[in-house]
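**Q** What shape does this take:
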Amino acid sequence: MSTIIYPSPIFGPIHSRRLGVSLGINLLPSDGKSCTFDCIYCECGFNKDNRPKLKLPTREEVAFALEEKLKEMKRDGPSPDVLTFAGNGEPTSHPHFPEIIDDTLRLRDKYFPHAKVSVLSNSTFIHRHAVHEALLRIDNNILKLDTIDPVYINKVDRPVGGNYDINKIIDGLKSFNSHVIIQTMFMKGNIDGDDVDNTSDKYVGPWLNAIKEIKPSEVMVYTIDRETPDKNLKKATHKELDAIRDKVIAEGIACTASY
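**A** Prediction:
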């Protein structure tokens with residue numbers, strides 16, 4: 001099984017399908033995965049197979065490494081389009097996430113003021129006031145909503161801890177008052193004999209209704225791009241993603257599709 005475990009606290013820059021030249025910020029340990037989801041499509045593998053032994057990077061370590069990399073990019077290029085919090089798990093789980101956001105905004109303004117600051121999150125900590133406020137300060141608050149079907153969520157996203165409530169998540173997403181980009185994975189295949197195709201009207205219709213309630217500034221629909229830990233998964237087709245994208249756009253909400 002091929003998985004990607006990212007360096008910490010800084011990796012890249014890499015070229016993102018959705019964001020351009022992206023400098024990655026990984027607030028999780030560099031030797032494994034730590035996440036509140038255990039998605040069957042995660043490029044970092046299953047939680048149980050990659051448990052980290054190292055500690056989280058400190059706020060000071062993140063700021064120092066980020067500034068050194070930004071100095072290097074200022075000198076040698078390329079210029080980043082975006083500074084992206086991603087990596088080996090859920091970035092908002094870091095106990096000093098809000099303070100690290102402040103440091104990152106300060107360094108961005110100093111070296112590359114045109115660059116955006118983005119966070120890729122699974123939405124599980126948006127109920128925390130400090131996290132919520134930090135996400136309001138960044139440019140691209142990109143939060144996951146693969147479906148609103150609890151059975152599908154437990155089968156595919158597999159939240160850890162057993163207290164995931166999709167209705168509370170939707171309320172949390174609405175509370176950003178449109179300062180949120182919804183990111184949704186569409187795919188096909190099966191797991192343990194169960195169909196996990198979420199491109200059909202059965203899933204897209206209720207999801208679209210939730211999108212209309214949330215009123216995000218944008219929606220990003222995408223499909224599998226790298227090897228997945230579960231081998232029975234398949235990409236959604238261009239036609240399927242385009243059809244979903246067009247339904248979102250028809251509701252007056254910006255939407256992009258990445259294949």
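
**Q** quick one: contacts for residue 90?
**A** Neighbour list for residue 90: 28, 34-37, 121-122, 124-125 [criterion: C-beta atoms under 8 Å, 6 or more residues apart in numbering]. Every C-beta, even on glycine, is put in place using the N, C-alpha and C of the backbone.

**Q** Flag the least confident of those residues.
**A** The member of the contacts of residue 90 with the lowest pLDDT is residue 34, and it reads 94.

**Q** Residue 244: which of the contacts of residue 90 is nearest?
**A** The shortest approach to residue 244 among these belongs to residue 122, at 20.0 Å (C-beta to C-beta).

**Q** Enumerate every residue touching residue 188.
**A** Residue 188 makes contact with 196-197, 199, 233-236 under the criterion C-beta under 8 Å, 6+ apart.

**Q** can we see that at 7 Å?
**A** Shown in contact with residue 188 (C-beta atoms under 7 Å, 6 or more residues apart in numbering): 197, 199, 234, 236.

**Q** Partner strands of the helix or strand where it lies, with direction?
**A** Element membership for residue 188, per DSSP states H and E: strand 187-191. In the sheet, strand 187-191 lines up against strand 194-195 (antiparallel), strand 233-235 (antiparallel) (DSSP bridges).

**Q** Quick one: closest of these to residue 16.
**A** Among the strands paired with strand 187-191, strand 233-235 comes nearest to residue 16, with 17.6 Å by C-beta to C-beta.

**Q** Return the set of buried residues in the closest one.
**A** Of the residues in strand 233-235, those with enough neighbours to count as buried (16 or more other C-beta atoms under 10 Å) are 233, 235.

**Q** Which of the contacts of residue 188 fall in strands?
**A** Among the contacts of residue 188, DSSP state E puts residue 234 in strands.

**Q** which one among the contacts of residue 188 gets closest to residue 77?
**A** Set against residue 77, the nearest of these by C-beta to C-beta is residue 236 (35.0 Å).

**Q** Just give me the neighbour total for that closest one.
**A** By the criterion of other C-beta atoms under 10 Å, residue 236 has 23 neighbours.

**Q** and stretch 127-143, how far apart are its ends?
**A** For stretch 127-143, the first-to-last residue distance is 13 Å (C-alpha to C-alpha, to the nearest Å).
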